[in-house]
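>>> dropping the sequence and predicted coords here.
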Amino acid sequence: MELDLTKAKEFYSKMLLIRRFEERCVEFYSKQKIRGFLHLYIGEEAIAVGIMSALTPEDAVLATYREHGQALAKGVSANSIMAELFGKQEGTSRGRGGSMHLFDANTRFYGGTAIVAGGLPLAVGMALADKMMKRNRVTVCMFGDGAVAEGEFHESLNLAALWNLPVLFVCENNRYAMGTALNLTESETDIYKKAASYKINSKQVDGMSVIEVAKAASRAVEDIKDGKGPVFLECLTYRFRAHSMFDAELYREKVEVEEWKEKGPLVVFQKRLEEMGLWSEMDVKELEDEIKNTMDEAVEFAENGTLEPIEDLEKFVYSEVSNG
Amino acid sequence: MDNTITYREAVREAIRKAMSEDERVFLMGEDVGNYGGSYAVSRGLLDEFGRERIIDTPLSESAFTGAGIGAAMNGMRPIVEIMTVNFSLLALDQIINNAGSLLHMSGGQFNVPLVIRMATGVGNQLGAQHSHSLEGWLSYIVGVKVLTPATVQDAYDMIGLALSDPDPVLVFENSLLYNSKGSLDTKSTPIPIGKALVHRPGKDITILTYGINLFKALEAAETLAKDGIDAEVIDLRSLRPLDDETIMKSVAKTHRVVIVDDGWKSGSISAEIMARINEQAFYELDAPMARVCTLEVPLPYAKHLEDAAIVQVDKIIEMAKKVMVQS
Ligand SMILES: Cc1ncc(C[n+]2csc(CCOP(=O)(O)OP(=O)(O)O)c2C)c(N)n1
């Protein structure tokens, strides 16, 4: 992967888009336009952007409840995500999902799972279907370090390796599951080693560096598409915000958060571009303005969205048409 | 074409037919391949279809059920076999939070055309962890459908119906029925999902049941007939959706109801049916509704205790007579 000005701009603006989108979320959460659980991705943007840069539109992504970033990076429109957060029927899931359940068939974004580790078996099945139908595409499954303690994590890794499936597991290790640090819950805190024990090609990468993530992802996707079976990437990262809007953050020191902010994905990337002499060539102001417009438009779209009629509430419990 | 085969063979034939006609159909579960299925349902299918489509899984109920859901979302028509309903509890998260929820939660975008088959039933002295009948309880879940084939014809038809349904369908095969024989007409049009069947018309009392208890109820009805009580026996066939129409029609005809259910009384499917009759047909009743269920104990091993705990023909007869006297 060559980092030229175009690529640099693309990476930077995508990470910025996610950051600005979520800042808007905070704003509208305090205005009570957005309700429910809201889990922010701020600090982890490099992972979503790096991983998605390696995918084609045919590849599928499954994520957790902290998935605004992944959805945006996969190409789900900011308009439809914001409308979903506002509970409007123009949203990704007609307002039935909310922040934790974004779904978009067009971009092959399969959620939005709020049961920790619940998406891993689904990813295995998606990949199994692709393998059986001889479709050369990848299913990406993103989850947090908390998922590692669940049985489904181990069951799924075993199946994926045993059946040599085209799935890319991406563990976003931000060191905490809600308020519990990883070292309080795992005997082995190097998660990639667990994957390796299932004979999965597995690697730890700097999740704060979009370049490192992108490199690892494109190599992984290449290998998977060559039929070499699943790959596991453990991306080391940190969330700068609380677990959710309800979290008082009693479990970690402010200085720890501040230290990590110095290593944040936007800061790190900027430094790297400066070293390479690309930063001076980038018009950051222009990018910011563009993103601001996108955000204003998304909010307007969401505000103007309509509410699903109550008469339709019981729709989609079962399918209306047979798919034979 | 009319021939007599076992329930086990009927299920196998239905799977074989589906797999021959549609390359998207595959079977996955513990011991379905080399072993031939723990109840020998899939015996021979491995040779016929190969390892790619008859897939032996590890003991990972949650992962392979979830994998079935994922495969269904991605264009396949998987049949997942869970060895018995007892072990499906390890996959409940996938069944409720994913299979049953994805269509609605995604605003109608992702349906899950998945079939999950499980053995169920009591009466083999297998003790509490291999005996329960949880199909009534699983029918509590919205977004899934629940079928309980009792006859050879339904054992065959329901696999095909479940596979052509766009939504997740749980099929409960009573393990004691696998050796039962019946005639199969492979050319007849199957009775749709959600339709109950009046097996034995009668005018005095309605016996509502499903699965293996259909045969106990029919036997009871024969004895009752000798005593001048003409019982109507209805095979519910589908526990979700329930066929309210057929149930209420029968209640309006006989005005008396006994429900026979392999589940425990509290919170059972029989409790649900009683509630519905109360809501929809209360004034048709000439006597309080009654039911015969499994006693509220984890099922014991010893034969005499097990027999005392589960539904028996004489208990149905006794209950029906009691209801007749009360009216
Ligand atoms: C099965 C399950 N158990 C508990 C929870 C409650 N819960 C929600 S998020 C969370 C922490 C998960 O942490 P991690 O997987 O590291 O992801 P992160 O929030 O750090 O992105 C917990 C315990 C849940 N949603 N699902």
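Looks like it came in fine. Residues are numbered from 1 along each chain as shown, chains lettered A, B, ... in the order given.
>>> CA only for contacts and neighbour counts going forward, please
OK.
>>> is it fair to say residue B:9 lies in a helix?
Yes: assessed by DSSP: H, G, I helix; E, B strand; the rest coil, residue B:9 belongs to a helix.
>>> run through the residues of chain A sitting next to the ligand.
Contact residues, chain A versus the ligand (C-alpha under 6 Å from any ligand atom): A:66, A:114-116, A:144-147, A:174, A:176-178, A:243.
>>> let's see that with 5 Å instead.
Contacts of chain A with the ligand, taken as C-alpha under 5 Å from any ligand atom, map to A:115-116, A:144-147, A:177-178.
>>> do a quick rundown of the helices in the stretch 151-300 of chain A.
A:151-162, A:191-196, A:210-225, A:254-262, A:265-276, A:284-303 (DSSP state H, counting those that start in this stretch).
>>> what is the second one packed up against?
Translated: helix A:191-196. Counting contacts by 3 or more C-alpha pairs under 8 Å, 6 or more residues apart in numbering or on different chains; DSSP states H and E, helix A:191-196 packs against strand A:201-206, strand A:231-236.
>>> and those strands as JSON lines, adding distance to residue B:96?
Compiled in JSON lines, the helices and strands packed on helix A:191-196 are given as follows (distance: least, C-alpha to C-alpha, whole Å):
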{"stretch": "strand A:201-206", "distance to residue B:96": "32"}
{"stretch": "strand A:231-236", "distance to residue B:96": "28"}
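>>> highest mean neighbour count out of those?
strand A:231-236 (a mean of 26; mean count of other C-alpha atoms under 10 Å in any protein chain shown).
>>> what strands line up against that strand, and which way round?
In the sheet, strand A:231-236 lines up against strand A:167-173 (parallel), strand A:201-206 (parallel) (DSSP bridges).
>>> which residues touch residue B:81?
B:27-30, B:32, B:116-118 (C-alpha atoms under 8 Å, 6 or more residues apart in numbering or on different chains).
>>> from those residues, which is closest to the ligand?
Comparing the contacts of residue B:81 against the ligand with C-alpha to the nearest ligand atom places residue B:116 closest, at 22.3 Å.
>>> and that closest one, helix, strand or coil?
Under the three-state scheme (three-state DSSP), residue B:116 adopts strand.
>>> next one: the one 10 residues further on
Local secondary structure at residue B:126 is given as coil here, using three-state DSSP.
>>> list phi and psi for it.
Note on residue B:126: its backbone torsions stand at phi -100, psi 0 [degrees, to the nearest 10].
>>> one more: residue B:147?
Dihedral angles (degrees, to the nearest 10) for residue B:147: phi -110, psi 140.
>>> I'd guessed it sits against residue B:158; true?
Yes: counting by C-alpha atoms under 8 Å, residue B:158 is a contact partner of residue B:147 at 7.4 Å.
>>> okay, those two: which has more neighbours?
Between residue B:147 and residue B:158, residue B:147 has the larger neighbour count (other C-alpha atoms under 10 Å in any protein chain shown), namely 30 against 25.
>>> state the number of residues packed around residue B:183.
Neighbours of residue B:183 (other C-alpha under 10 Å): 16.
>>> which residue sits closest to whichever residue of the stretch 101-250 of chain A sits closest to chain B, ignoring its sequence neighbours?
With C-alpha to the nearest C-alpha as the measure, residue A:125 is the residue of the stretch 101-250 of chain A nearest to chain B, at 3.6 Å. Among residues not flanking residue A:125 along the chain, residue B:67 sits closest, at 3.6 Å (C-alpha to C-alpha, 6 or more residues apart in numbering or on different chains).
>>> isn't the one you found right up against residue A:118?
No: here residue B:67 does not reach residue A:118: they are 10.6 Å apart, not a contact under C-alpha under 8 Å.
>>> show me how chain B divides into domains.
Under the assignment the TED database, the domains of chain B span B:4-183, B:197-326.
>>> among those domains, which is nearest the ligand?
Using C-alpha to the nearest ligand atom, the domains of chain B put domain B:4-183 closest to the ligand, at 8.6 Å.
>>> quick one: is the closest one near the ligand?
No: judged by C-alpha under 5 Å from any ligand atom, domain B:4-183 stays clear of the ligand, getting no closer than 8.6 Å.
>>> and that domain, what's its mean pLDDT?
Averaging pLDDT along domain B:4-183 gives 97.
>>> likewise stretch A:210-217?
98.
>>> turn the helices and strands packed on helix A:191-196 into a markdown table, columns for distance to residue B:18 and mean pLDDT.
Shown next, in a markdown table, are the helices and strands packed on helix A:191-196 (distance: least, C-alpha to C-alpha, whole Å; pLDDT from 0 to 100):
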| stretch | distance to residue B:18 | mean pLDDT |
| --- | --- | --- |
| strand A:201-206 | 37 | 98 |
| strand A:231-236 | 34 | 98 |
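>>> between those, which gets nearest to residue B:45?
The closest of the helices and strands packed on helix A:191-196 to residue B:45 is strand A:231-236. By C-alpha to C-alpha, the value is 32.2 Å.
>>> so where's the stretch 101-250 of chain A uncertain?
Residue ranges of the stretch 101-250 of chain A with pLDDT under 70: none are present.
>>> which bits of it sit near chain B?
A:101-105, A:115, A:118, A:120-130, A:132, A:152, A:155-156, A:159 (C-alpha under 8 Å from any C-alpha of the partner chain).
>>> in PyMOL, how would I select the buried members of the residues you listed?
Burial among those is assessed by 16 or more other C-alpha atoms under 10 Å in any protein chain shown; the matching PyMOL selection reads:
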select buried, chain A and resi 101+102+103+104+118+120+121+122+123+124+125+126+127+128+129+130+132+152+155+156+159
